[in-house]
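Asker: this is a predicted model, with the sequence first.
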Amino acid sequence: MTTTQPTYVVIGNPIAHSKSPQIHALFAAQFPNHSAVEGFLYDRLLAPLDGFTAAVDAFAAAGGRGANVTVPFKEDAFRFVEGRLTSRASLAGAVNTLALRSDGLFYGDNTDGAGLISDLLRYSEIKQKKVLLLGAGGAARGALGPLKRENPSLIVVANRSLHKAELLVQSIKFGNSTELQYQVGSVGSMPLAEIQGQFDIVINSTSASLAGERLPIKKSVFAPNALAYDMMYGKAETPFLAQAREAGVELRVDGLGMLVGQAAEAFELWTGLRPDVEPVLQWMREQL
């Protein structure tokens, strides 16, 4: 940690690799002399695997005002705020952003889905498109609600475990969030190897690319002029994007823009200022 107490942190374990301090420093630099970023200091916070709550409490006691939360603490953060949740965090069942309220308590938000949507819209409309979401874990849970709000004609959740995909779909269809109940669009679920039909947008939310693995999907799932999107990113092409390339998909995008986009959502939540993502994304790409 720096010698000056940070007002914002990213909490995780491990955390030394995180680029969040650089991202938020670049965001803050876009608003020189603005009162909302006066004293804006952002650093990494390594929390013990069994000590998330204690770490956040100590951070708050020292004047902390907000935090990004990364693996493995997103569900810990969800429990930490005890129901003080935005609708999108409630729907996702996980918290990746903490913000201090006027009553001195933290509330929880989840900006992952918003980061995904903002990046997708750089490349394609979502409305009335057929969307295939691969995976049914935490990343998919954070993405499905925001995706549905964009009014695609169809969303199919595909997962190795059909039961897990069905549970995720039902939580979106019949959850308490009224903003989703009346949206146009249908949602279905099926296992990966049995996916039928073609999709305009195919999103990989699984950790397969992180493990260097390919997914058991057919080339035919990609519609002509499809967008293939991998939430993972790296210097080299991810295995999923290699599959898409081999299937003839020209528009292939990794998740770096989602990372910067979700950070921009958090920065705006804390400061009320919307940063320009483009120069920061370009800087991040150069660092890979």
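Answerer: Sure, I can see it. Numbering: from 1, shown residues only.

Asker: all helices of the stretch 101-250 of the chain, in order?
Answerer: 112-120, 138-149, 162-173, 178-181, 239-246 (DSSP state H, counting those that start in this stretch).

Asker: out of the ones you listed, which gets nearest to Val260?
Answerer: helix 112-120 (7.5 Å; C-beta to C-beta). Quick note: C-beta positions are derived from backbone N, CA and C, even for glycine.

Asker: show residues contacting the closest one.
Answerer: Helix 112-120 is contacted by residues 88, 92, 96, 126, 139, 142-147, 150, 201, 203, 227, 229, 231, 253, 255, 257-265, 277 when judged by C-beta atoms under 8 Å, 6 or more residues apart in numbering.

Asker: which strand residues bridge Pro191?
Answerer: In this entry, Pro191 is beta-bridged to Asn159, by DSSP bridges.

Asker: hmm, it is touching Arg160, no?
Answerer: Yes - contact criterion C-beta atoms under 8 Å: Pro191 and Arg160 qualify, at 6.4 Å.

Asker: which stretch in the helices of the stretch 101-250 of the chain has the least confidence?
Answerer: The minimum mean pLDDT among those belongs to helix 178-181 (a mean of 31).

Asker: can you tell me the centre-most residue of the protein?
Answerer: Asp112 (2.2 Å; C-alpha atoms, centre = their mean).

Asker: separation between that residue and Phe73?
Answerer: To Phe73, Asp112 is 14 Å away according to C-beta to C-beta, to the nearest Å.

Asker: same thing with Gly188?
Answerer: Relative to Phe73, Gly188 is positioned 32 Å away (C-beta to C-beta).

Asker: what about these two, which has more around it?
Answerer: A direct count of neighbours by other C-beta atoms under 10 Å for Gly188 and Phe73 places Phe73 higher, at 25 against 12.

Asker: so what's the residue count around the residue nearest to that one when sequence neighbours are not counted?
Answerer: Spatially, and ignoring its direct neighbours in sequence, Phe73 is nearest to Phe52 (4.9 Å; C-beta to C-beta, 6 or more residues apart in numbering). Under the neighbour criterion other C-beta under 10 Å, Phe52 is assigned a count of 21.

Asker: ok, longest helix in this structure?
Answerer: For the chain, the longest helix by residue count, based on DSSP state H, is helix 256-271.

Asker: so which bits of the next helix-or-strand element following that one are buried?
Answerer: Using DSSP states H and E, the helix or strand that follows helix 256-271 in sequence is helix 277-287. Within helix 277-287, the residues that qualify as buried are 277, 280-281, 284, counting by 16 or more other C-beta atoms under 10 Å.

Asker: can you pull out the low-pLDDT segments for the stretch 51-200 of the chain?
Answerer: Filtered on pLDDT under 70, the stretch 51-200 of the chain yields the residue ranges 173-185.

Asker: rerun at 80
Answerer: By pLDDT under 80, the weakly predicted segments of the stretch 51-200 of the chain are 171-186.

Asker: and the strands in it?
Answerer: Per DSSP state E, counting those that start in this stretch, the stretch 51-200 of the chain carries strands over the ranges 66-69, 97-100, 106-109, 130-134, 154-159, 186-191, 199-204.

Asker: what is the orientation angle of the fourth one with strand 154-159?
Answerer: So the one you mean is strand 130-134. 20 degrees (axes from the mean of the first three to the mean of the last three C-alpha atoms, to 10 degrees).

Asker: what helices or strands is strand 130-134 leaning on?
Answerer: helix 138-149, strand 154-159, strand 199-204 (3 or more C-beta pairs under 8 Å, 6 or more residues apart in numbering; DSSP states H and E).

Asker: what do you get for the fifth one?
Answerer: On a contact count with 3+ C-beta pairs under 8 Å, 6+ apart, strand 154-159 meets strand 130-134, helix 138-149, helix 162-173, strand 186-191.

Asker: dump those into CSV; add distance to His24 as well.
Answerer: Below are the helices and strands packed on strand 154-159 laid out as CSV (distance: least, C-beta to C-beta, whole Å):
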stretch, distance to His24
strand 130-134, 29
helix 138-149, 20
helix 162-173, 31
strand 186-191, 34
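
Asker: what's the most buried one of the helices and strands packed on strand 130-134?
Answerer: strand 199-204 (a mean of 26; mean count of other C-beta atoms under 10 Å).

Asker: mind checking how far that strand is from the chain centre?
Answerer: Distance, stretch centre to chain centre, for strand 199-204: 16 Å (C-alpha atoms, centre = their mean, to the nearest Å).

Asker: next, the buried residues of the longest strand seen in the chain.
Answerer: For the chain, the strand with the greatest residue count under DSSP state E is strand 222-230. Across strand 222-230, burial judged by 16+ other C-beta under 10 Å covers 222-223, 226-230.
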